[in-house]
Each structure stands twice: as structure tokens, then as C-alpha cells.
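Novice: heads up, no residue letters with this:
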């Protein structure tokens with residue numbers, strides 16, 4: 001009985017060590033991928049790349065979101081009147097009218113009636129003048145959810 005308990009304890013310890021090794025490998029892979037992603041981003045931006053990123057730098061990148069505000073694209077989700085979502089990425093300088101046009105061309109509810117767009121928080125109904133304004137000027141960057149409404 002004592003020998004069985006000792007064997008069982010040894011098996012549990014071995015399993016625990018194996019699990020920890022796997023978790024360590026996964027963590028290292030995540031760090032490598034993040035380092036590669038940052039290197040590609042730096043290379044695309046024309047910045048010098050650093051092959052030796054420290055763990056503290058990478059873990060700090062995981063902890064703190066980027067607050068640069070230097071976005072080139074925005075992800076817009078449009079909730080159609082029947083509740084179906086349409087999601088697309090747009091350039092930040094594109095006008096809101098291009099989002100409405102995309103929604104009109106890709107709607108699946110079978111209606112052809114015109115619709116307007118609004119946000120729920122902060123509550124804002126977009127006018128025809130707003131359709132000419134860029135998405136960045138309307139505060140729809142880096143992402144936003146728009147609601148389609150009857151006009």
C-alpha cells in the first residue's frame with residue numbers, strides 16, 4: 001500500500017513536470033511570435049529591428065495596449081435592421097458614406113429601403129453631412145459598432 005502511494009505520487013510529480021515543460025514551451029513560442037510580429041511591424045515602419053528582445057519588453061507589450069493612436073485602418077461592425085452583423089475593415093480616411101454603401105451592397109435582409117446609421121454609445125445619429133466626413137473625424141477609430149435604422 002505504501003509502495004503504491006509512493007508510485008502514484010511519483011507519477012503525479014512527473015505529470016506535473018511534463019505539464020510545466022509544455023506550458024514553458026508555449027510561453028516561449030508566444031514570445032517568439034510577438035517578437036517576430038514587432039520586428040515585421042518595425043521593418044514595415046522603417047525602424048531598425050532588434051533581434052534580441054528581452055522578456056520584460058515583450059511581457060510589457062502584452063500588459064499595456066498600444067496607445068499610439070496612429071491607426072491606418074478601422075474595424076466597423078454594422079448591425080442591420082434584422083439584427084445580422086456586417087463587419088469590414090476600412091481606411092481611417094474613408095468617408096462614412098463608404099461604410100453605408102458597403103452595407104447597402106452586402107445586406108442580406110432582402111430589403112432595398114434606404115437606412116441611416118447611428119451609434120449607441122455615445123448616442124449619435126449620423127446626418128447626410130456626416131457621410132462625407134472621414135471615419136477618424138467621427139471617432140470611429142480603431143473600431144466601432146454602427147446600427148442601421150430606418151430613415
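Specialist: Great, that's in hand. Just so we're clear, the structure is a prediction, and the values are computed from it rather than from any experiment.
Novice: ok, then the element right after the lowest-mean-pLDDT helix or strand in the chain?
Specialist: The weakest-scoring helix or strand in the chain, judged by mean pLDDT, DSSP states H and E, is helix 55-63 (a mean of 38). As assigned by DSSP states H and E, the chain's next helix or strand after helix 55-63 is strand 73-79.
Novice: Give the full set of residues in contact with the closest residue to residue 79 other than its chain neighbours.
Specialist: Using C-beta to C-beta, 6 or more residues apart in numbering and skipping residues adjacent in sequence, the residue nearest residue 79 is residue 147, 4.9 Å away. Yep, even glycine has a C-beta here, placed from its N, CA and C like the rest. Contact analysis of residue 147 by C-beta atoms under 8 Å, 6 or more residues apart in numbering lists 78, 79, 117, 118, 119, 120.
Novice: Please repeat the previous calculation with a cut-off of 10 Å.
Specialist: Neighbouring residues of residue 147 by C-beta atoms under 10 Å, 6 or more residues apart in numbering: 77, 78, 79, 80, 81, 115, 116, 117, 118, 119, 120, 125.
Novice: Which strand or helix spans the residue nearest to residue 119 when sequence neighbours are not counted?
Specialist: Closest residue in space to residue 119, ignoring its immediate chain neighbours: residue 146 at 6.2 Å, by C-beta to C-beta, 6+ apart. For residue 146, the host element (DSSP H and E) is strand 143-150.
Novice: how far does that strand sit from the chain's center?
Specialist: Remark: strand 143-150 is offset 18 Å from the chain centroid, using C-alpha atoms, centre = their mean, to the nearest Å.
Novice: quick revisit: buried members of the contacts of residue 147 into ChimeraX, please.
Specialist: Command for ChimeraX that selects the buried part of the contacts of residue 147, burial taken from 16 or more other C-beta atoms under 10 Å:
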select :78,79,80,115,116,117,119
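Novice: which of the contacts of residue 147 lies closest to residue 140?
Specialist: residue 119 (8.0 Å; C-beta to C-beta).
Novice: is it true that the closest one touches residue 145?
Specialist: Yes - between residue 119 and residue 145 there is a contact under C-beta atoms under 10 Å: 7.2 Å.
Novice: before we move on, back to that, next up, the contacts around the residue nearest to residue 119.
Specialist: 76-80, 86, 96, 99-100, 103, 116-120, 124, 126, 138, 140.
Novice: Let me know the pLDDT of it.
Specialist: pLDDT for residue 146: 97.
Novice: Right, I'll leave it there.
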